[in-house]
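> Quick one: sequence and predicted model below, then my questions.
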Amino acid sequence: MQRLKRAGAYGGTGGIRLSSVCGMARCGAAASSNGFSAGRRGAESMSFFGTRRGRQARVFRPTPSLWDRLLAAFRDYRVLTIVLLSAAAVCGLLLATTLGSSGLRWREGMLAFSGIQSRVPFRIVDVEGSRRAMEDALEAAPLVLRQNRDVVDRLESLLRTQLSVVANTESINQVSEDLLLSFGIRKDGSETERTAYSVLRNQLSTPDDSNGRRLDELMAEFSQFISDARRLGLVDQQSANRQFAENPDAPAMQRDQPIQVLDAAGTVLHNGVLGDVLLEDQLQETGRLGKNWQLYGKLAVLRKPVEAWLLSNLKNQLLRDAQATEAARTKIEETARDVYQNYTAGATLVPAGAQVAAIHRDALQYEQEAFEDSLDSGQRALRFLGRLLLTTVLVLLFGIFLKHARPAMLEDPSRLLLFLAMGCTTVFLGVWASQDPYRAEVIPLLAAVMITAIVYGQAVAIMTSFVLTLLITASTTGSLSSFVVLMIVSVASVLPLRRIKSRLIMIKLGFRLAAVSFVAVWAAGILEQASLPDAWKNSGLLLTALKYSGSSLICCYLVAGSLPFIEQAFGIVTDISLLELTGVSHPLLQELARRAPGTYNHSIMVAAMAEAAAEAIGANGLLTRVGAYFHDIGKMMKPEYFIENITDGAENPHKSLAPNMSTLIIIGHVKDGLELAEENNLPEALHPFITQHHGTTLVEYFYREAARKADSDHRSEAEESNFRYPGPRPQTREAAVLMVADAVESASRTLKEPTSKRIQSLVHEIILKRLLDGQFDECNLQMNELRRIEESLVKSLLAQHHGRVRYPGQRTA
C-alpha cells in the first residue's frame, strides 16, 4: 500500500487495468483505519486468497466433459439467445443470397479473357425475330366488317325515284345539277352532256310507254345486277379510307388488306381481302359486277351513268366492327409463339478478349438458368452445403470477434437482433442491386458499414464490411477485384466516422468516397486488363466507375439525412445531437435553474471540468459535458434537501430527519432524474450519467451519523449497504470521469483556503477513495488515465479558485 501511495497510487503503473490491481489495493487498505469495515471481507472474497484446503479441493476436482460444459452454457439464457440469433442470422443470410441473386457471375464491362462458352444446350428468345413475327401476324389480322342490308334495299328505291324524275323531264334544264352529277352528267351546257342526258332519258321511256314498263324492266335488271352486293356487300374506296382506318392520318386502305365479312347475326359470310368488296374493283371488267353487264341488255346501255350513280350513292353498306377487329388482334397476340435462337453446349457466348456488353446479357442469363435446371438433387445439395458452411463460418468468426472486441453488443438481444436484421437486409439489397444495369451494391453496403461505425465504432464496422463484402461478392460475381474495390470503399467510409460533429462531415465524405470509388474501380480495371490504353477504351469500366462514384455520394446523403432515425433505432447519440443539447435553453435545464439554482451552477461547473478531463484521456468530452449538464436533474424534485440549494440562514431540513430517511432522499435523486430523463425523451446515451455518477459509493455523512447514534444508543451497528447508492458503477470512462469531477467540485467548495497543494491533495484523495472502493472496476480505465484525469481536474480547480490582485483601498467583502 505504501508503494502505491509513493507511486501516486496509480501514476506509476502505466497501462495496467484498474480491475487487475484495485482488488489488491483494497485488501492492503483493509488494515488502515479509514472507516471502512469491508476491507477484510473484500480480501477474503478474492479467489487467489482462498484457503489451502480450498485450493487443494479445486486441484483434485474432475474436469467437466465437453458435453457438460455445453449443457452448462446452454442453461444460460444469454448464451442460448445468442445461439438462436446466430442461427437466425445464418438462415437470413442464406435466404438473402438466394432471393437476391440471379446466379449470373458476369457483369457488363467485365473482360472475358478466355471467352465465355455455354456449359449446357439452351435456347433464347429472339426478341427481334419475335417482334417481326408478331408484326407480320398483326398485319395479317383481318379487318372485321359487318353487313348493313338496309342500304341495298333503300338503294333500289332511291334509284327508281331518281330515274323517274329524269324520265318525266323534257330537257336537261329541268333536271337539278346534283341529280345529273349523281349519274355522271355535268350540267355545263356542252353538247356532250346534252347527248348523255338524251341517251339516259330515251332509255327510261318511249313514246308508247305510258305505263312505265321500261323503268320497271330496268329496275328488275338492276335488282338482279345488285344481288351480289346484297349478298356480300360493297364499299367504295373513299368510304373505306374514311371508315376502316384506325386513325385519320393512316394511309389509304390497301386492296390486299385481309377482311372478314359478318352478317347482322355475326355469321361469317366471307374471308378474303378488301378488293373483294371494293366497289371500284368489282365494277371493272374482271369484277363480279363488271363481268355481268352483258347479262343485262337493257341495263348495259346505261352502264356508265349507273356505275357513276352507284359510286355516288352506295355508302355504309359495310361497317367496321371495332370490337371484333380488336378481339381478333388480341387472339393473335395471345396465341403468338416466340421465335427462339438455339445454342449447343460449348457454343461461344462472348468471344475471347471481348468485354461483356448488354447484347450478351440475355444469352448469359438464359445459359445460367439452363445450367441450374440441369443440376441434379445431389449437386444442388452440395452447392447449398457450400453456402451454408461459408455463412456459418463467417457468422461464427464475427461472433468471436464481438466477444473479444465489443462484448457489450452480445449482452443486448434486441439491439443485436436489429444489427443482424440490418446485415441480412444489406446482403439482400446488395446482391439484388449488383445486377445490370444498376450496379448499385455499394449503396446498401456503405449505408450498413457507416451506420455500424456510428453506432458501434470503427473496428466493428471494418469487420462488418469484410463479412458483408465477402457474402455479396461470393453471391454475385465472385471476382477478387470486386471484393477489393468494395473493401477499399468500405474502409474509406469508416475512417472519418470516429466523431460526427456536423452533417457537413457526411457531405464531404460523400465527395471523397466518390473519388476513392472512381480510382479504385479504374485501378482494378487496369490490373485486370494489364494495359492502361485498354482500360481507357473500356466504356463499360468507365460506366461502372461512374456508377460507384454516384452511389457513394448518394449513400452519404442518405445516411446524413437518416441520422435522427439511426440514433433513435440504436439508442445512441451523435455529436450533432449532443451539440443541440449543449444550449441552456433545454426545458429541463431551465426548470433546474429555476427550482435548484445551486444544483444548476454546480452542473455547469462540473460539465466544464469533466469535459476537459475526458478529452485528456481521449474519451468523448462532448458526451461527458452534456451528461454532466443533466446528471443531477433529479434534485429539482426536492431541491431544499441538497446543501448547494440551502441559502445562508435557512434551516437544514435534515436536522429533523433520521439518517436513514435523509439517505433515502439523497439517493432518490438518481431515480427521480432517470424518470425525468425518460419523460422528457433525453437520449438513452445520457441515462448512464444519471444512474452511474455516484456508482455504489457510500453516503458517508449520514452513515457516520447513523453509526454514532447506534453507538450512543447501544444498538447494533448501522448496515453500510443501506447507505450506499444503488449503482451501477460507472460502465464507461466518460461516466467515471463525471463521478470524479462531481465529487471533486462539491468537495472543493469546503476548502477555506484553496491553495494548489490543498487542491492537489483533495483531488488525489477523492480519486484514491473511489479506486479503493472499486468504483472503477467496470469502466475499462487504466492507471495512467487516472493520473491524467487528476492533473486535468487540478488544473480546472486552480483556474476556478485563482487569486486576484487587491487594488489600493479595496476592502474585503
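Great, that's in hand.
> now Phe122, which residues is it bridged with?
Beta bridges link Phe122 to Tyr343, judged by DSSP bridges.
> Would you mind measuring from Tyr366 to Glu778?
Separation of Tyr366 from Glu778 (CB to CB, to the nearest Å): 61 Å. Backbone N, C-alpha and C define where each C-beta goes, glycine included.
> Please apply the same query to Leu486.
Taking CB to CB, one finds Leu486 at 38 Å from Glu778.
> More neighbours: those two, which one.
Comparing Leu486 with Glu778 by neighbour count (other CB atoms under 10 Å), the higher total belongs to Leu486, at 27 against 19.
> Nearest residue to the more buried one in space, please, no chain neighbours.
Leaving aside its chain neighbours, Leu486 sits nearest to Thr469 (4.5 Å; criterion: CB to CB, 6 or more residues apart in numbering).
> was I right about that neighbour contacting Val484?
No: taking CB atoms under 8 Å as the definition, Thr469 is not a contact partner of Val484, at 9.2 Å.
> ok but the residue nearest to Leu486 is inside a helix, no?
Yes: per DSSP: H, G, I helix; E, B strand; the rest coil, Thr469 lies within a helix segment.
> Around it, how many other residues sit close by?
26.
> Contact partners for it?
Shown in contact with Thr469 (CB atoms under 8 Å, 6 or more residues apart in numbering): Leu445, Phe483, Leu486, Met487, Ser490.
> what two of those residues are the furthest from one another?
Leu445 and Phe483 (11.4 Å; CB to CB).
> With neighbour numbers in mind, choose between these two.
Leu445 (28 against 18).
> Give me the pLDDT for that one.
At Leu445, the model reports a pLDDT of 95.
> Also Asp68?
67.
> before we move on, back to that, looking at the contacts of Thr469, which are in strands?
Among these, DSSP state E puts none in strands.
> Of these, which is the nearest to Asn202?
Of all the contacts of Thr469, Leu445 has the smallest distance to Asn202: 98.6 Å, by CB to CB.
> quick one: contacts for the closest one?
Counting by CB under 8 Å, 6+ apart, Leu445 has contacts Thr426, Gly430, Ser465, Leu468, Thr469, Ile472, Leu486, Val489, Ser490.
> could I get those as TSV with distance to Arg512 and pLDDT?
Formatted as TSV, the contacts of Leu445 follow (distance: CB to CB, whole Å; pLDDT from 0 to 100):
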residue	distance to Arg512	pLDDT
Thr426	22	95
Gly430	21	91
Ser465	16	96
Leu468	21	96
Thr469	19	95
Ile472	22	92
Leu486	16	93
Val489	10	95
Ser490	13	95
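> tell me the two of those residues that are most distant?
Thr426 and Val489 (14.1 Å).
> ok, which stretches of this protein are strands?
For the chain, applying DSSP E gives strands covering 111-112, 116-117, 122-125, 143-147, 258-262, 268-273, 318-320, 340-343, 348-350, 354-355.
> And the longest one, how far out from the chain middle?
Pointing back at strand 268-273 there. Computed by CA atoms, centre = their mean, to the nearest Å, the separation of strand 268-273 from the middle of its chain amounts to 59 Å.
> do the first one as well
Using CA atoms, centre = their mean, the distance from the centre of strand 111-112 to the centre of the chain it belongs to is 32 Å.
> neighbouring strands for it, and are they parallel or not?
Strand 111-112 is paired, per DSSP bridges, with strand 354-355 (antiparallel).
> Retrieve the pLDDT associated with the nearest residue to Ser205 once chain neighbours are set aside.
Distances taken as CB to CB, 6+ apart place Ala167 nearest to Ser205, at 4.6 Å, with adjacent residues excluded. Predicted confidence (pLDDT) for Ala167: 82.
> ditto for Ala38
Reported pLDDT for Ala38: 39.
> repeat for Gln162
84.
> ok, how many other residues are close to it?
Using other CB under 10 Å, the number of residues around Gln162 comes to 18.
> Identify the residues contacting it.
Per CB under 8 Å, 6+ apart, neighbours of Gln162: Leu179, Ser182, Phe183, Trp309.
> Please repeat the previous calculation with a cut-off of 10 Å.
Residues in contact with Gln162 (CB atoms under 10 Å, 6 or more residues apart in numbering) are Val175, Ser176, Asp178, Leu179, Ser182, Phe183, Trp309, Asn313.
> Kindly provide the distance from it to Thr750.
In terms of CB to CB, Gln162 sits 130 Å off from Thr750.
> Around Arg503, count how many other residues there are.
Arg503, neighbours per other CB under 10 Å, totals 16.
> For the remainder of this discussion, apply numbering that starts at 843.
Taking 843 as the first residue, the last one we looked at is Arg1345.
> Quickly note the distance from the closest residue to it other than its chain neighbours to Gly1515.
Excluding its sequence neighbours, the residue lying closest to Arg1345 (CB to CB, 6+ apart) is Ala1402, at 4.7 Å. Distance, Ala1402 to Gly1515, using CB to CB: 32 Å.
> Span of stretch 1105-1118 from start to end?
End-to-end span of stretch 1105-1118 (CA to CA, to the nearest Å): 16 Å.
> and the closest residue to Met1264 other than its chain neighbours, what is it in contact with?
Counting by CB to CB, 6+ apart, Met1264 lies nearest to Ala1290, which is 5.7 Å off, once chain neighbours are set aside. Residues near Ala1290 by CB under 10 Å, 6+ apart: 1261, 1264-1265, 1267-1269, 1271-1272, 1303, 1306-1307, 1310, 1332, 1397, 1401.
> In this structure the residue nearest to Ser1047 contacts Arg1055, no?
No: with contacts counted by CB atoms under 10 Å, Ala1009 stays clear of Arg1055, the gap being 11.8 Å.
> where do the contact lists of those two overlap?
Ser1047.
> More neighbours: those two, which one.
Under the neighbour definition other CB under 10 Å, Ala1009 and Arg1055 were set side by side, and Ala1009 has more, 18 against 12.
> Next one: the more buried one from Leu1001, what distance?
Taking CB to CB, one finds Ala1009 at 12 Å from Leu1001.
> Need the residues touching each of those two.
Here Ala1009 and Leu1001 have Leu1060 as joint contacts, going by CB under 10 Å, 6+ apart.
> number of nearby residues for Glu977?
The burial count for Glu977: 10, using other CB under 10 Å.
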